[in-house]
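> here is my input; please provide its structure:
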Amino acid sequence: RDGFHFSRPTHQPFMNVNETEGAWNWGNMQSINGTPLIIGDSLYFYASGRRLNKIMWDSYTSTGLATLRRDGFVSMQSGKNEGFLTTEKLFFDGKYLFVNADVRNKKGMLAVEILDENGSPIAGFTKKECVLMKKANSTKQMITWKNNKDLSELAGKNIRLKFYLTNGDLYAFWISPWETGESRGYLSGGGP
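Here you go, the predicted structure:
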């Protein structure tokens, strides 16, 4: 969640065995490196598996690779009808709002409105003033408003973010002190 806390509400296997005869991962699936590697916008998970074999000492070991979108384990989705999500109260010290989102087609859009701690839109940061994210798929997309490129005037105040989404997925958001978007979070496997 934040580099320190992790929650897994389901215990379905992420990389499971395949008990089909001839499958490379029929049995003994094991993670090779323990944590995913960050490669560009993807997470790489290497695993070993063994094919079913009548000669037990010759187990036909193979290596497999599964990839996931970086920070894309789950998302809030919206179809053709606009959906919205409002955060809990946030307190931050950064300047730039980033999202990891996929807005799938030209009818889709993502907008962000900033609310004060009582839930009222803050002038200059309303949905109407937000520069829409349209037909884009990015793991690090900066969000701006027509007259506000950053959030510096709101730093240190309690706010809420209200996301509006049509035809897309919102995977993650963060506020960074840098225009380049580093989150100050910890990276698995050492990261880049």
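> so for the spatially closest residue to Lys106 that is not a sequence neighbour, what's the pLDDT?
Nearest non-adjacent residue to Lys106, counting by Cβ to Cβ, 6 or more residues apart in numbering: Lys135, 5.2 Å away. Placement of C-beta: from N, CA and C, glycine included. With respect to pLDDT, Lys135 scores 95.
> quick check: closest non-adjacent residue to Ala101.
Of all residues not flanking Ala101 in the chain, Leu170 sits nearest, at 5.0 Å (Cβ to Cβ, 6+ apart).
> and for that neighbour, the neighbour number?
When neighbours are defined as other Cβ atoms under 10 Å, Leu170 has 22 of them.
> check whether the residue in the chain sticking out farthest from the centre sits in a helix, strand or coil.
When distances are taken from the C-alpha mean of the chain, Ile55 lies farthest, 43.6 Å away, according to Cα atoms, centre = their mean. Following DSSP: H, G, I helix; E, B strand; the rest coil, we place Ile55 in the coil state.
> which ones are touching Gly94?
Contacts of Gly94 were listed using Cβ atoms under 8 Å, 6 or more residues apart in numbering, and they are 151, 155, 174-177.
> from those residues, which land in strands?
174-176 (DSSP state E).
> any of those residues buried? List them.
By the neighbour-count criterion of 16 or more other Cβ atoms under 10 Å, these include these buried positions: 174-176.
> circling back: in the contacts of Gly94, find the pair that's most separated.
Maximum pairwise distance among these (Cβ to Cβ): 14.1 Å, between Ala155 and Trp174.
> so for Gly83, what's the pLDDT?
Looking at Gly83, its pLDDT reads 97.
> neighbours of it, how many?
When counting by other Cβ under 10 Å, one arrives at 14 neighbours for Gly83.
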